[in-house]
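Novice: got a predicted model here, sequence first, then my questions.
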Amino acid sequence: MYSNKVLDHGTPASKSPKQVTLQVDGKPVTVPAGTSVMRAAVDAGVKVPKLCATDTLDAFGSCRLCVVEIEGRRGYPASCTTPCEDGMSVTTQSDKLADLRRGVMELYISDHPLDCLTCTANGNCELQDMAGAVGLREVRYGYEGDNHLDAEKDRSNPYFTFDPSKCIVCSRCVRACDEVQGTFALTVEGRGFESQIAAGPTNFLDSECVSCGACVQACPTATLMENSLEEQGQPDHAVTTTCAYCGVGCSFRAEMKGNEVVRMVPHKDGKANHGHSCVKGRFAWGYATHPDRVTSPMIREKITDPWREVSWEEAFAHTAKEVKRIQAKYGRGSAGGITSSRCTNEETFLVQKLVRAAFGNNNVDTCARVCHSPTGYGLKQTLGESAGTQDFDSVEHTDCVIVIGANPTDGHPVFASRMKQRLRAQKRGEDGAGLIVIDPRQIDLVRTPHIEADYHLQLRPGTNVAVMNSLAHVVVTEGLASDDYIAERCDPAEFEKWKAFISEERNSPEVLESETGVPADQIRGAARLFAKAPNGAIYYGLGVTEHSQGSTTVMTIANLAMVTGNIGRPGVGVNPLRGQNNVQGSCDMGSFPHELPGYRHVSDGSVRTLFQDKWGVEIDPEPGLRIPNMFDAALDGSFKALYVQGEDIAQSDPDTQHVLAALSSLELLIVQDIFMNETAKYAHVILPGSSFLEKDGTFTNAERRISRVRKVMPPLAGLADWEVTVKLSEALGYPMNYEHPSEIMAEIAALTPTFTGVTYEKIDELGSIQWPCNDKAPEGTPYMHSEEFVRGKGRFFVTNYVATPERTTRKFPLILTTGRILSQYNVGAQTRRTDNQVWHDEDVLELHPHDAELRGIEDGDMVAMTSRQGNTTMRAVITERMQPGVVYTTFHHPESGANVVTTDNSDWATNCPEYKVTAVQVSKVVKDKSDWQQGFDRIEQEQDSLLPSRRAQQPGTTN
Amino acid sequence: MDANKLVNMANQIAAFFSAEPDRKDAVAGVAGHLRKFWDPRMRREILAHFDAGGDGMESLVRDALEHYRDDLAPAG
């Protein structure tokens, strides 16, 4: 359950604009119409006893503990299910009410263990509190009768325990799973005395449960409890901070005991997550204190040398000397840096500042290069700003949702739950939203409890532009375009040009059907559904961007949103679902080689002057190298030194063998990370990183929301990441004087027009801020382009479909596409070091039964996958989620080498790699490991033996 | 850097801008993109490849490099 220090209003807030005034125990209180008597009482400072009610769930009215008396009404209505009315007079305490409540509690306690002193919930138990509140002194029924006290615990989930002996069957867990998470994994089985909570026929782990923790928060007793709480006892303080996993950016309360985290609990006031969480943020934080953490700086001359642990001072001095030597020998442009989308805004700002000011060039890039760089480019071109247009709450006002190239239930689970709440409304017969899924795979959202997509356009990988063009073709040629909106908001000449293009027969769904594999009537139906919806919103992910036409697809999305008049108000918009926690922020902070913070091109003299005046250095007016260009330049010998903060390019970037060859050719690779990741195997300097729990700063999520990250424990290696960059810069001869990250934010605000109004004080006051935050929008901007587009008039772009050069042939007849799974995150460096491994401990290859049968492959067989780039081996999973001809895998485990087979094709505009389309052949194998994997094992062993900790364990080795 | 790779990248850019109905806009689009997003060494090398015959280059790329050479050639 939530900490009893967090106020529980009992029932959710009403959003009604109408106000009503009533009296609770003689105190007047005014609340929105539709508010429950229970909630109004809390507002009046009166806590009515309750058990089955909590403010994250709809009122249920089963426990009968919250009964009250209402003047002029008969009986004792439950305050949770009774809505307030004007002039109502409520009494919450009387002899009769006390009697009734004691009677209810007496029954509950007659079937409840009396082990309060040794119970996990001791000190934070609603049942215990209520027994005290109602003054229960005896249980007249005795404890000998039939009971549930011997019920067995279910310890199958690695993070929480289900103890049915403590269950009062209030069904809060069941309702949390249904209403909040939307998985419907739990149920109340049996009737009356027999009734019990069940997670499927077996246990929690084998059930549909996704371990989001909603049931654990909802439970008022010790029935569903975090194991960490069982082990450590009750926390003594809490710090509000922001999750460091995906781009949803959930707000959490880190509940602490000294410097130890006891548990992470989603923050009810968090505007991105409203008290919800997923298995990663809620439970998978143990990596932060994992023994694999790097705790000391290390250096070595060659990558075949053993590592030598050194002091911070020696590490900085050595690194600075090497950078200077290399730049003196190979030129100023021979060094560069990669900022981290996992680090804070302040930290990424400093790394790009170090590259621009201390290295003296623009060779800075970020992992957004390999995920959402096309979003930045495409939206800047069409709308004028490189960011999503809405907040997450916007989905509540949507009438039709398009999800293209995104798998929110796995990749952005907390937002997916919000979206599912909106989608389920329709199935309940309410005015809910339609759903169009555009994805080669049958992702969970296509068919999930109480939700079924109106259209699943199961396209062939690589044909996004064709599908989006054909949707727009139908809108325009069937007269469904929002002509008034376009006339008012968009550039007329560009629109006319686009209209002529999109109306051409070659963009019709009938012509494109052979290319996309999507029946034309489905495209027509989907286009009509979307265009006719009052509010239509498009959500997309890496299935859009990671293609050779990634930027073009982003433009097609903007085109479709504009032609249907769906930008500039709640419920609509272009909504990129960002991958990593701070990928929006790292882009905002000037991490791209052509842009200074705030997306301003380096060739703009007036912008450069602004930064030059502040930084006291000349800024190179030429764009620098992007990550793939850095690799190419490294191989041709013109790029020699790379500073990588918190990114594992050796695992995450495509065409691994090319990447490794490039890394091996560097003379100085500086890796700053919390673990010895794959890239570290090729490094010369290791600077220990700090986890999100060890530093102050801010993250910016997919809705442009800037939230505070707060330090709850000291950095393991002594320095937070921002301090490391400051000291490195100082050693390079460019001192940076910051005492606290708030001072870095002040500099960002002074230099960036969209951040002018951002301060730590304001974030503390408002909870979080969505940029732009400046004089025009002092409290931030929930949705953009409200009056006009940031660029003035919205610009339609002609988006010709160009097939990817990656073609299937007889030798490589299948298309491999890649993605994510719920329990693992990105390269897995964090989640693989947690119990999330129980859900996914290896990457597998999904393929359609037809493709499997052709190749004699059975479920669970080891198969070899070969592309033009390389080959690897993994286990086959046969599933009809796939379409014939398409196979799928994830890249969470380095040894599976998914990126050994991916190609070096990339987006035409941004060089974002085409992870989503690789022609492959798959065959059954006897050998468990490919040649590449055997090589991987060898390098792993060699590099492992060079670590000081490993060498200390080996007799006969010396440092 | 690998000239073939640079040519492929430039050809991809040209494929996008080739949809412009007015060829002049398409040529300007290609040149503008190279100028805005390509590091000087990449521009220098593709110009060198163009001067050496421009093997494999689409005509839009050739036109862009020819008409906008002054903008594209890095200083120094």
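Specialist: Now that the structure is in, tell me what you want to look at.
Novice: low-confidence stretches in the chain?
Specialist: In the absence of a named chain, chain A is used. Scanning chain A for pLDDT under 70 picks out the ranges A:426-430, A:951-959.
Novice: my bad, chain B
Specialist: Checking chain B against pLDDT under 70 turns up B:76.
Novice: against chain A, how distant is B:G29?
Specialist: As judged by CB to the nearest CB, to the nearest Å, B:G29 and chain A stand 10 Å apart. Any C-beta I mention is one placed from the backbone N, CA and C, and that applies to glycine too.
Novice: distance from the chain centre to stretch A:344-362, please.
Specialist: Stretch A:344-362 sits 25 Å away from the centroid of its parent chain (CA atoms, centre = their mean, to the nearest Å).
Novice: one more: stretch B:36-50?
Specialist: Distance of stretch B:36-50 from its chain centroid, counting by CA atoms, centre = their mean, is 8 Å.
Novice: swap in stretch A:308-328?
Specialist: On the basis of CA atoms, centre = their mean, stretch A:308-328 sits 36 Å off its chain's mean C-alpha point.
Novice: tell me the phi and psi of the residue lying closest to A:G145 once chain neighbours are set aside?
Specialist: Distances taken as CB to CB, 6 or more residues apart in numbering or on different chains put A:S110 closest to A:G145, at 7.6 Å, once the chain neighbours are dropped. For A:S110, the backbone dihedrals (degrees, to the nearest 10) come out as phi -60, psi -20.
Novice: isn't A:S110 up against A:E138?
Specialist: No - applying CB atoms under 8 Å, one finds A:S110 not in contact with A:E138, separated by 10.5 Å.
Novice: sec struct for the residue nearest to the spatial centre of chain B, please.
Specialist: Nearest to the mean C-alpha position of chain B, by CA atoms, centre = their mean, lies B:V61 at 4.5 Å. At B:V61 the chain is in helix, as set by DSSP: H, G, I helix; E, B strand; the rest coil.
Novice: with adjacent residues omitted, what lies nearest to it?
Specialist: Closest to B:V61 by CB to CB, 6+ apart is B:A10, at 4.5 Å.
Novice: what strand or helix carries that neighbour?
Specialist: For B:A10, the enclosing helix or strand under DSSP states H and E is helix B:3-17.
Novice: show me what contacts A:S551?
Specialist: Applying CB atoms under 8 Å, 6 or more residues apart in numbering or on different chains, one finds that A:S551 lies in contact with A:P374, A:Y377, A:G378, A:T545, A:D907, A:W908, A:A909, A:T910, A:C912, B:F16.
Novice: by proximity to chain B, which residue of the stretch 1-150 of chain A wins?
Specialist: Residue of the stretch 1-150 of chain A nearest chain B, by CB to the nearest CB: A:K15 (44.8 Å).
Novice: any idea how far A:L845 is from that residue?
Specialist: 46 Å (CB to CB, to the nearest Å).
Novice: okay, those two: which has more neighbours?
Specialist: A:L845 (28 against 9; other CB atoms under 10 Å in any protein chain shown).
Novice: check for me that that one belongs to a helix.
Specialist: No - per three-state DSSP, A:L845 lies outside any helix segment and is strand.
Novice: thinking it is in contact with A:T889, fair?
Specialist: Yes - A:L845 is in contact with A:T889 according to CB under 8 Å; the separation is 5.0 Å.
Novice: give the residues shared as contacts by these two.
Specialist: Shared contacts of A:L845 and A:T889, defined by CB under 8 Å, 6+ apart, are found at A:M865, A:M874.
Novice: what sits against the closest residue to A:C490 other than its chain neighbours?
Specialist: Distances taken as CB to CB, 6+ apart put A:G794 closest to A:C490, at 4.2 Å, once the chain neighbours are dropped. By CB under 8 Å, 6+ apart, the contact list for A:G794 reads A:T382, A:L383, A:R489, A:C490, A:D491, A:A558, A:M562, A:I567, A:H785.
Novice: which ones among the residues you listed map onto helices?
Specialist: Using DSSP state H, the subset of the contacts of A:G794 located in helices is A:T382, A:R489, A:A558, A:M562.
Novice: and which of those is nearest to chain B?
Specialist: A:T382 (13.5 Å).
Novice: residue farthest from the centroid of chain A?
Specialist: A:R140 (51.8 Å).
Novice: can I get the biggest helix by length in chain A in PDB, CA atoms only?
Specialist: The longest helix of chain A (DSSP H) is helix A:312-330. Provided in PDB are the C-alpha atoms of helix A:312-330 (Å, rounded to 0.1, in the frame of the first residue of the first chain):
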ATOM      1  CA  TRP A 312      40.300  10.700 -10.100                       C
ATOM      2  CA  GLU A 313      43.100  13.200 -10.400                       C
ATOM      3  CA  GLU A 314      45.300  10.900 -12.400                       C
ATOM      4  CA  ALA A 315      42.400   9.800 -14.600                       C
ATOM      5  CA  PHE A 316      41.600  13.400 -15.500                       C
ATOM      6  CA  ALA A 317      45.200  14.400 -16.000                       C
ATOM      7  CA  HIS A 318      45.900  11.400 -18.200                       C
ATOM      8  CA  THR A 319      42.700  11.800 -20.300                       C
ATOM      9  CA  ALA A 320      43.300  15.500 -20.800                       C
ATOM     10  CA  LYS A 321      46.900  14.900 -21.900                       C
ATOM     11  CA  GLU A 322      45.800  12.300 -24.400                       C
ATOM     12  CA  VAL A 323      43.100  14.400 -25.900                       C
ATOM     13  CA  LYS A 324      45.600  17.300 -26.300                       C
ATOM     14  CA  ARG A 325      48.200  14.900 -27.800                       C
ATOM     15  CA  ILE A 326      45.700  13.500 -30.300                       C
ATOM     16  CA  GLN A 327      44.300  16.900 -31.300                       C
ATOM     17  CA  ALA A 328      47.800  18.300 -31.800                       C
ATOM     18  CA  LYS A 329      48.700  15.300 -34.000                       C
ATOM     19  CA  TYR A 330      45.500  14.700 -36.000                       C
END
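Novice: show me what counts as buried in that helix.
Specialist: By neighbour count on 16 or more other CB atoms under 10 Å in any protein chain shown, the buried set for helix A:312-330 is A:W312, A:A315, A:F316, A:H318, A:T319, A:A320, A:E322, A:V323, A:I326, A:Q327, A:Y330.
Novice: residues in contact with it: which ones?
Specialist: For helix A:312-330, using CB under 8 Å, 6+ apart, the contacting residues are A:297-299, A:310, A:334-335, A:359-360, A:637-638, A:640-641, A:667-668, A:670, A:684-685, A:687, A:718-719, A:727-728, A:730-733.
Novice: just the buried residues from those, in PyMOL please.
Specialist: Applying 16+ other CB under 10 Å to the contacts of helix A:312-330 leaves a buried subset, and the PyMOL line that selects it is:
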select buried, chain A and resi 297+298+299+310+334+335+359+360+638+640+641+667+668+670+684+685+687+719+727+728+731+732
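Novice: tell me the residues of chain B that contact chain A?
Specialist: Chain B has residues B:1-2, B:5, B:8-9, B:12-13, B:15-16, B:18-21, B:33, B:36-42, B:74 near chain A, with proximity defined as CB under 8 Å from any CB of the partner chain.
Novice: dig out what the residue positioned nearest the centre of chain A forms beta bridges with.
Specialist: The centroid of chain A falls nearest to A:C246 when counting by CA atoms, centre = their mean (2.2 Å). A:C246 has these beta-bridge partners by DSSP bridges: A:Q580.
Novice: for the one 10 residues further on, same thing?
Specialist: Beta bridges link A:M256 to A:H237, A:V261 when assigned by DSSP bridges.
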